[in-house]
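Engineer: Let's see this in three dimensions:
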Amino acid sequence: MKNYLLLLLTAFAFTATPARAGEFTIDDSHVFATFTVSHLGIGTVVGRFNKVNGTINLDQGRIDVVLHADSVDSGHPKRDQHLRSPDFFNAKQFPQITLKSKKVTKTGDDRYRVEAVISMLGKEKPITIDLVKTGEGKDPWGGYRLGLAADFTVNRADFGMNYMPDGIGNAVKLQFYAEALRQ
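Structural biologist: Below you'll find the model as predicted:
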């Protein structure tokens, strides 16, 4: 009986998937940073940043995300060129938009409150974001992944982005979905 229990406990230890702590790097092929903003009070413009990178360590309360301003993509090349100009993201002078956590607090099962600073166009603003861990586990290639999702809103005028104040809404909704690989 003793040997049977030892065998059963050993088998359980090798089949259970414990939560993994540690440093995760955003998988650039499984990250989506999208935004929506009101246009003329009539419609909505939707876009995304095609180049996003960063690191995540929930145990240490550290989240660092970089959106590359020159990768903005709204599906319309002429508009994208304008979005990269000084009227909007000014990608030449300010190539990165960053989010750096100051404090990460677990608020429930797979839920976190992230107190962070967003830097854009040379200005820094504090923000609080509700983050959801959408899953974690082994992938088919031998890695270990973490999934995250967050929706939050920033005021573009807070960063000095004031082009067409009567035609483009100030509230910009951001949606962030990512998988990150454990290092």
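
Engineer: Quick check, Asp27 in contact with Tyr177.
Structural biologist: No - using CB atoms under 8 Å, Asp27 makes no contact with Tyr177, being 11.3 Å away. All C-beta spots, glycine's among them, are computed from the backbone N, C-alpha and C.

Engineer: Show me what Arg111 is bridged to.
Structural biologist: In this entry, Arg111 is beta-bridged to Gly108, Val132, by DSSP bridges.

Engineer: Ok, the one 5 residues further on next?
Structural biologist: Residues in a beta bridge with Ala116, per DSSP bridges, are Ser101, Ile127.

Engineer: mind listing what it touches?
Structural biologist: Listed by CB atoms under 8 Å, 6 or more residues apart in numbering, the contact set of Ala116 reads Ile63, Leu99, Lys100, Ser101, Lys102, Pro126, Ile127, Thr128, Ile129.

Engineer: Pull the contacting residues for the fourth one.
Structural biologist: Right, the one you point to is Ser101. When contacts are counted by CB under 8 Å, 6+ apart, Ser101 is found next to Gly61, Arg62, Ile63, Asp64, Val114, Glu115, Ala116.

Engineer: Of those, grab the buried ones for ChimeraX.
Structural biologist: Remark: buried members of these, expressed as a ChimeraX selection using 16 or more other CB atoms under 10 Å:
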select :63,114,116
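
Engineer: Out of the contacts of Ser101, give me the two with the largest separation.
Structural biologist: Farthest-apart pair in the contacts of Ser101 is Asp64 and Glu115; separation 13.8 Å (CB to CB).

Engineer: List the ones among the contacts of Ser101 that fall in strands.
Structural biologist: When those are checked against strands (DSSP state E), the matches are Arg62, Ile63, Asp64, Val114, Glu115, Ala116.

Engineer: Switch those residues over to JSON lines; also include pLDDT and distance to Gly142.
Structural biologist: Conversion of those to JSON lines gives the following (pLDDT from 0 to 100; distance: CB to CB, whole Å):
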{"residue": "Arg62", "pLDDT": "97", "distance to Gly142": "25"}
{"residue": "Ile63", "pLDDT": "98", "distance to Gly142": "25"}
{"residue": "Asp64", "pLDDT": "98", "distance to Gly142": "25"}
{"residue": "Val114", "pLDDT": "98", "distance to Gly142": "29"}
{"residue": "Glu115", "pLDDT": "98", "distance to Gly142": "35"}
{"residue": "Ala116", "pLDDT": "98", "distance to Gly142": "32"}
